[in-house]
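S.K.: Please find the sequence and the predicted model below.
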Amino acid sequence: QFSTTTKLRGEVAANVVVPFDTAEIGGNDIEDSTIFNARARLNFDTSFTGEDRLRIRFETGTGDDGLGQDIGFTGFEDAAGNNSNQFRVNDFYYLFPVGNRIDVIVAANSIKTDDFVTSTIVPFDGASVADMGGPVLYDYDMGGNAGLGVSIALTDSIVFDAGYSFDDAQGSNPEIGIFGANDQSYIGQLSFLSDGFLDAALVYMHGSNEGGENYTDTYGGLLSLDFGRFILGGYFAYHEDDDNNDDTSFMGGIALPDLFAEGDELGAYAGILPDNAIGDVGPIAGIPDSEDPFYAEIYYGIPISEYLTITPAVIYLDGDLQGLGGGDDDEALFGAIRALFTF
């Protein structure tokens, strides 16, 4: 701590990803595509009252894509802020309370969908190596990066979250404004958070991108059941786009915290993504219609110390890889290991 009002918190994440089998994607043999990427974050958190937070985050990284753009699958938890190793302002928001039960957040960049919600419910968020553990219910390319959100504690267990995000460049243009932006999204989520056996939520999201030409409506439900020794969790969602294409996605799995040592976690989950007919805005691009991609991951988070966690993982994808640029295989298996340093 270098200030009575501001604290510096840092994080460094690094991933190594190795294909276990051969598949051609975009004309490239991924058997030879072992990759490494890394990301560093510096969070400056300032509080003026003890209950508010002004965050300014600087971030840098080695690349944006966990498996490369040819796959069109942002398969691993973001380990890169940009691909030029330059520090950029990645987060800039102010969170403050209004009374005892309302929190308001105002953000200048890098905010959308699940950044507005109190909980994403599933136990894999943050613990998994792959982005799909997030869960990807929130990731259907909702437009916008600046916005305003509110969280209302209706009771000690029931919370309503809402948020609206818009493209910051369009929002700063007096001819467009924050509510006239083509790239925008909004979300509403009602959550039951018991801090015990049952956590659940209902969520609605609307997002548009590419000048408002594509949009997606998502209706979903999330559930987590904590049995003490293990946690079951997942989600189910219905998606509809501007061409009246509809599809579903879902995910489910199990997490075993403190399995062999305090602070470790073994987890496994699997799910189905909607196909490319859904507005071309999903987290996987180029999948032929009616080919719902299947994914699965097994991970084990090992706390080496208070400041270092190592997480090896095995990740499986079956998404008709021929639709991603050629090749005979429609599935791929990857080994990954993440090192996460915090200070």
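M.R.: Sure thing, it's come through.

S.K.: Tell me where the stretch 1-150 of the chain is predicted with low confidence.
M.R.: For the stretch 1-150 of the chain, applying pLDDT under 70 flags the ranges 1-2, 21-32, 63-84, 141.

S.K.: switch the cut-off to 80
M.R.: Low-confidence segments of the stretch 1-150 of the chain (pLDDT under 80): 1-4, 21-34, 62-86, 131, 139-143.

S.K.: just the stretch 151-300 of the chain next, same as before
M.R.: Applying pLDDT under 80 to the stretch 151-300 of the chain flags the ranges 175, 180-181, 209-215, 241-245, 274-293.

S.K.: Strands of that one, start to end?
M.R.: 158-166, 184-193, 198-209, 214-226, 231-241, 246-257, 265-272, 294-303 (DSSP state E, counting those that start in this stretch).

S.K.: Please apply the same query to the stretch 1-150 of the chain.
M.R.: Under DSSP E, counting those that start in this stretch, the stretch 1-150 of the chain gives strands at 6-19, 24-25, 28-29, 35-46, 53-61, 88-98, 102-109, 146-153.

S.K.: Only the C-alpha atoms, please, for the longest one, written as CSV.
M.R.: So that's strand 6-19. Provided in CSV are the C-alpha atoms of strand 6-19 (Å, rounded to 0.1, in the frame of the first residue of the first chain):
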residue,chain,number,x,y,z
THR,A,6,-5.4,3.6,-3.1
LYS,A,7,-4.2,0.0,-3.2
LEU,A,8,-2.2,-1.7,-6.0
ARG,A,9,-3.2,-5.3,-6.8
GLY,A,10,-1.4,-7.2,-9.5
GLU,A,11,-2.0,-10.4,-11.5
VAL,A,12,0.1,-12.3,-14.0
ALA,A,13,-1.4,-15.2,-15.9
ALA,A,14,0.4,-17.5,-18.4
ASN,A,15,-0.9,-20.4,-20.5
VAL,A,16,0.8,-23.2,-22.4
VAL,A,17,-1.5,-25.1,-24.7
VAL,A,18,-0.5,-28.4,-26.5
PRO,A,19,-2.6,-30.3,-29.0
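
S.K.: looking at the strands of the stretch 151-300 of the chain, which is closest to Thr46?
M.R.: Comparing these against Thr46 with CB to CB, the closest turns out to be strand 158-166 (21.9 Å). The way it works is simple: take the backbone N, C-alpha and C, and place the C-beta from them, glycine included.

S.K.: So for that closest one, what gets flagged as buried?
M.R.: Applying a neighbour-count criterion of 16 or more other CB atoms under 10 Å, one finds Val159, Asp161, Ala162, Gly163, Tyr164, Ser165, Phe166 buried in strand 158-166.

S.K.: circling back to that earlier point, distance to Ile178 added to the strands of the stretch 151-300 of the chain, as CSV?
M.R.: Listed next are the strands of the stretch 151-300 of the chain as CSV, based on distance: least, CB to CB, whole Å:
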stretch, distance to Ile178
strand 158-166, 5
strand 184-193, 8
strand 198-209, 14
strand 214-226, 18
strand 231-241, 24
strand 246-257, 30
strand 265-272, 34
strand 294-303, 35
